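*Asks:* what's the 3D shape of this:
(chains A and B)
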Number of protein chains: 2
Amino acid sequence: MRKVYVLRLGHRPKRDKRVTTHVALVARAFNANGFVLEGDDSHVLAAVRGVLERWGGMGFAIESTRDGKTYVREWKRAGGIVAHLTMYGINIANAPRIPQRKPLLVVVGAEKVDPWFYHNADYNIAIGNQPHSEVAALAIFLDRLGNGKELGKRFPDARIRIIPQKAGKRVVRAN
Amino acid sequence: MRKVYVLRLGHRPKRDKRVTTHVALVARAFNANGFVLEGDDSHVLAAVRGVLERWGGMGFAIESTRDGKTYVREWKRAGGIVAHLTMYGINIANAPRIPQRKPLLVVVGAEKVDPWFYHNADYNIAIGNQPHSEVAALAIFLDRLGNGKELGKRFPDARIRIIPQKAGKRVVRAN
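*Replies:* Next comes the predicted model:
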């Protein structure tokens, strides 16, 4: 399996706390291997680490970077591919297929993304050319990348897990 | 085409403002016909209306309701189906196919959802049995419902639209 990381740009701690947490949890649940936050927000990173401890995925990397541009440059220098999700890009229905073996960095922005990223990403991909949500865009992108199979993903190191129910909730100890 | 509405439960104006706005925009972009907010938040509703004015979709209904339970009861009384998205439900990979012709209400909660909804929904569907995001769950659910075709949706009454670009942004007047 190739390495897939998600880079979240332009996080504003107050406004974006919940949305950025959702981005990170989608990365984990939809089978990416790591989440990188541009900037710093210990609350978000702690919330994500709490999920890893309970629900598993301690191999999931959580990083932060001062500068998304440097991160992208180094990713490419190391032979990786960069896909930027943006409503202005090529609709995923028409987008070229991404080569399967190279490490893939998926970039999602908050409100405004520096034009630099549009020009330095290998792909600018639109999950529909309509305004909606970077959380939704990331989920659909990773769902297509995993052919939907990622929704059956299990985390062997989970402490708790869900027994799916027609109605109600059932959570059990995983071991 | 059948009617598909999205009901957002348990919105807390401060904490959930952005996430709830994303839920509403995903509903619009992924081809639902309406968004219903339990509770009140004029900022969220105004933000969504602003998107409708610029990007089209004036036929998209925006409502609010005091009580999600009453809304669900009336939906069912009128012959509609209710699908509640929850990580505790049946994984969408194994979930029964939803009848195609009846009006469909898709229910998404915030942090805690009253057990009543689990027992009164016709379906409790998990977009994977992992914690992530109601925004992502809604997007994946509607994407499967629309067989991915909703990402090509056009809004004839849009004032502006995007010309997809390999790099950069291009927005034009729609008429």
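*Asks:* quick check on residue A:132: phi, psi?
*Replies:* phi -150, psi -90 (degrees, to the nearest 10).
*Asks:* so who does the closest residue to residue A:146 other than its chain neighbours touch?
*Replies:* The shortest distance from residue A:146 to any residue other than its chain neighbours is 5.3 Å, reached at residue A:31 (CB to CB, 6 or more residues apart in numbering or on different chains). Every residue, glycine included, has its C-beta placed from N, CA and C. Residues near residue A:31 by CB atoms under 8 Å, 6 or more residues apart in numbering or on different chains: A:4, A:142, A:146, A:150, A:153.
*Asks:* if you set the cut-off to 7 Å instead, what comes out?
*Replies:* The contact partners of residue A:31, taken as CB atoms under 7 Å, 6 or more residues apart in numbering or on different chains, are A:142, A:146, A:150, A:153.
*Asks:* name the SS class of the third one, please.
*Replies:* Just to be clear, that refers to residue A:150. For residue A:150, the assignment made with DSSP: H, G, I helix; E, B strand; the rest coil gives helix.
*Asks:* was I right about it contacting residue A:142?
*Replies:* Yes - at 6.5 Å, residue A:150 counts as touching residue A:142 under the criterion of CB atoms under 7 Å.
*Asks:* list residues touching both of these two?
*Replies:* Joint contacts of residue A:150 and residue A:142 (CB under 7 Å, 6+ apart) are A:30, A:31.
*Asks:* skip the chain neighbours and tell me the closest residue to the residue nearest in space to the middle of chain A.
*Replies:* The structure's chain A has its C-alpha centroid closest to residue A:27; by CA atoms, centre = their mean the separation is 3.4 Å. Distance criterion CB to CB, 6+ apart; nearest residue to residue A:27, sequence neighbours excluded, is residue A:6 at 4.1 Å.
*Asks:* keeping just the C-alphas, turn the helix or strand where that neighbour lies into CSV.
*Replies:* Here residue A:6 sits within strand A:4-8, counting by DSSP states H and E. The C-alpha trace of strand A:4-8 is given here as CSV (Å, rounded to 0.1, in the frame of the first residue of the first chain):
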residue,chain,number,x,y,z
VAL,A,4,-1.3,8.8,1.6
TYR,A,5,-1.1,11.9,3.8
VAL,A,6,-3.5,14.8,4.1
LEU,A,7,-2.2,18.3,4.5
ARG,A,8,-4.6,20.9,6.0
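*Asks:* how many residues are close by the residue nearest to residue A:27?
*Replies:* For residue A:6, the neighbour count with other CB atoms under 10 Å in any protein chain shown is 26.
*Asks:* just give me the longest strand of chain A.
*Replies:* strand A:81-91 (DSSP state E).
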